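**Q** I'd like to go over a predicted model; first the sequence, then the structure.
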Amino acid sequence: MQERRITIPELILFAATRVALGFGVGLLVSRVMNNDERKAAGIALTVMGGITTVPLVVNFVRQNRSAEHRLTAAA
């Protein structure tokens, strides 16, 4: 298993995107609001949560690869 390092701000961003995605999906399957409001809010939060996750993951993977590269180059 590889060890990955993540900063507190990165962890907060990951958590926020997961919350938005989960809340959006929850709205889509709930019956709390009328259909139009619920669908609009649910879709917006789901899309926002999904789209904002992609750059975070790409950045995280790139940082870890460059850190691994620096460690192997130093050895």
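**A** That came through, no problem. No experiment lies behind these values; they were computed from the predicted model shown. Residues are numbered from 1 along each chain as shown.
**Q** switch to C-alpha atoms for all contacts and neighbour counts from now on
**A** Noted.
**Q** can you pull the contacts of the residue most central in space within the chain?
**A** Nearest residue to the geometric centre of the chain (Cα atoms, centre = their mean): T53, 3.2 Å. For T53, the contacting residues are 14, 17-18, by Cα atoms under 8 Å, 6 or more residues apart in numbering.
**Q** and if we set it to 6 Å?
**A** With Cα atoms under 6 Å, 6 or more residues apart in numbering as the criterion, no residue contacts T53.
**Q** give me the pLDDT for it.
**A** With respect to pLDDT, T53 has a value of 81.
**Q** helix or strand: which one has it?
**A** According to DSSP states H and E, T53 maps onto helix 35-74.
**Q** buried stuff in that helix?
**A** 38-39, 41-47, 49-50, 52-53, 56 (16 or more other Cα atoms under 10 Å).
**Q** swap in stretch 26-35?
**A** 27-28.
**Q** for it, which outside residues touch it?
**A** So stretch 26-35 is contacted by 38-39, 42 (Cα under 6 Å, 6+ apart).
**Q** out of these, the closest to I6 would be?
**A** G42 (29.1 Å; Cα to Cα).
**Q** contact partners for the closest one?
**A** Contacts of G42 by Cα under 6 Å, 6+ apart are 24-25, 27-28.
**Q** filter those residues down to just the ones in helices.
**A** 24-25, 27-28 (DSSP state H).
**Q** between those residues, which is closest to Q63?
**A** G24 (29.1 Å).
**Q** skipping adjacent residues, who's closest to that closest one in space?
**A** G42 (4.0 Å; Cα to Cα, 6 or more residues apart in numbering).
**Q** before we move on, what about V47?
**A** L21 (7.3 Å).
**Q** from memory the one you found sits against G49, does it?
**A** Yes. Here L21 reaches G49: they are 4.3 Å apart, a contact under Cα atoms under 6 Å.
**Q** helix or strand with the lowest mean pLDDT in this structure?
**A** Ranked by mean pLDDT, DSSP states H and E, the weakest helix or strand in the chain is helix 35-74, scoring a mean of 77.
**Q** check the offset of that helix from the chain's centre.
**A** Its chain's C-alpha centre and that of helix 35-74 lie 4 Å apart, by Cα atoms, centre = their mean, to the nearest Å.
**Q** noted, bye for now.
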